[in-house]
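K.L.:
sequence first, predicted model second:
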Amino acid sequence: MSAFFRRLGEIFCGAVVSVAGASPLLADDLFDSGKLLATGGVSQIEGAGGSGLVPWALITGYGTRDAIGANVHYTFVGLSDFDLNTGGIAIGLFDRVELSYARQAFNTKDTGILLGLGQGFTFHQDIVGAKVRLFGDAIYDQDRWLPQVAFGIQYKANDRHGTLTAIGAKDDEGVDYYIAASKLFLAHSLLVNVTLRETRANQYGILGFGGGKNDDYKLQFEGSVAYLLSRQLVLGVDYRTKPDNLAFAKEENAGDVFIAFFLNKNISLTAAYTMLGDIATQKDQNGLYVSLQAGF
């Protein structure tokens, strides 16, 4: 499986070079925002275009095959014993390549004292992502069974090397590889996405990479189903499996139920009830997820 993802990486690099060599366009054409409302998705927890927890095969923004789209986002997740704040930016190039950056701040609040880290101890993580559409078109291929398929990479770097070593993580940085398939059934107002990810990340990388239980890449499943209640309102669910690498604390799978409101192609707001399971020995980390995105 690792060889398969490496081959996709080679294809991805070729696609980036191809886009970089594209002919320049007039400014009016370059930012046309021509895609259908909501088809750029929202900013997922690691900064990629998708839903709350899962990256989709769709390219972020509203730029068509001849244009560029972009957005900025801020996300807050308030859990039982922790808070997560994330801000970032993403750019979609010609509906083919997506580039993203996100910075996460994971605040342990009072739980930091129980864990021996101190009140409000915060882990910071930088995530640089890239995604390329390999084939298919989720919007225009309605008469075909073929989904839109994309390959993505997320490089993650954590700033708490000493703490991560103390809890048993092997590294403070790592790379996730994923392949996503998205199918939009316009006649039924339904989008279905399946993502397969190879990762060593503990709690998305917030608690480092690898550990005493396992230090190898593990294939994980991520899925989303979203129903368009109207042109502006989307209701959906996410489910995401995660590896259990650290010896000191069990890591569980995650899920959410979300609703996204697209005021227009420039502003969207997503709210979700998020269930992230046990985190760092703290049970049942559930809470509210809120994300604001602005772009074109």
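P.N.:
Structure's in. What do you need?

K.L.:
okay, CA-based contacts and neighbour counts for the rest of this
P.N.:
Will do.

K.L.:
quick check: buried residues in stretch 148-164?
P.N.:
Using 16 or more other Cα atoms under 10 Å as the test for burial, stretch 148-164 gives 148-161, 164.

K.L.:
take the residues you listed and keep only those in helices.
P.N.:
Judged by DSSP state H, the subset of the buried residues of stretch 148-164 located in helices is 161, 164.

K.L.:
what is the nearest of the buried residues of stretch 148-164 to residue 109?
P.N.:
Nearest to residue 109 among the buried residues of stretch 148-164 is residue 160, at 16.2 Å by Cα to Cα.

K.L.:
can you tell me the closest non-neighbouring residue to that closest one?
P.N.:
residue 123 (6.3 Å; Cα to Cα, 6 or more residues apart in numbering).

K.L.:
I'd assumed residue 109 was in contact with that neighbour.
P.N.:
No. The pair residue 123 / residue 109 is not scored as a contact, 11.2 Å apart, by Cα atoms under 8 Å.

K.L.:
please, where are all the helices along the stretch 51-200 of the chain?
P.N.:
111-114, 161-166 (DSSP state H, counting those that start in this stretch).

K.L.:
on that earlier part again, neighbour count: residue 123 and residue 109, which is higher?
P.N.:
residue 123 (21 against 16; other Cα atoms under 10 Å).

K.L.:
who's that one bridged to?
P.N.:
Judged by DSSP bridges, the bridge partners of residue 123 are residue 106.

K.L.:
check residue 152 too.
P.N.:
If you apply DSSP bridges, the partners that residue 152 bridges to are residue 131, residue 178.

K.L.:
for residue 57, phi and psi?
P.N.:
For residue 57, the backbone dihedrals (degrees, to the nearest 10) come out as phi -80, psi -20.

K.L.:
hmm, back to that, tell me which of the helices of the stretch 51-200 of the chain sits nearest to residue 59.
P.N.:
helix 161-166 (32.9 Å).

K.L.:
please state the offset of the closest one from the chain centre?
P.N.:
The chain centre lies 25 Å from the centre of helix 161-166; the measure is Cα atoms, centre = their mean, to the nearest Å.

K.L.:
please work out the average pLDDT along it.
P.N.:
In this model, helix 161-166 carries a mean pLDDT of 96.

K.L.:
show me where the stretch 151-296 of the chain dips below the pLDDT cut-off.
P.N.:
Of all residues in the stretch 151-296 of the chain, none has pLDDT under 70.

K.L.:
quick one, strands of it?
P.N.:
Listed in chain order, the strands of the stretch 151-296 of the chain (DSSP state E, counting those that start in this stretch) span 173-185, 190-199, 218-228, 233-240, 254-262, 267-275, 286-295.

K.L.:
what is the orientation angle of the fifth one with strand 286-295?
P.N.:
Same thing as strand 254-262. Relative orientation of strand 254-262 versus strand 286-295 (axes from the mean of the first three to the mean of the last three Cα atoms, to 10 degrees): 40 degrees.

K.L.:
residues of strand 254-262 that come out buried?
P.N.:
In strand 254-262, counting by 16+ other Cα under 10 Å, buried: 254, 255, 256, 257, 258, 259, 260, 261, 262.

K.L.:
check stretch 139-148 too.
P.N.:
139, 147, 148.

K.L.:
cool, stretch 76-84 as well?
P.N.:
Neighbour count says stretch 76-84 has 76, 77, 78, 79, 81, 82, 83, 84 buried, by 16+ other Cα under 10 Å.

K.L.:
what's the span of that stretch from first residue to last?
P.N.:
End-to-end distance for stretch 76-84, by Cα to Cα, to the nearest Å: 6 Å.
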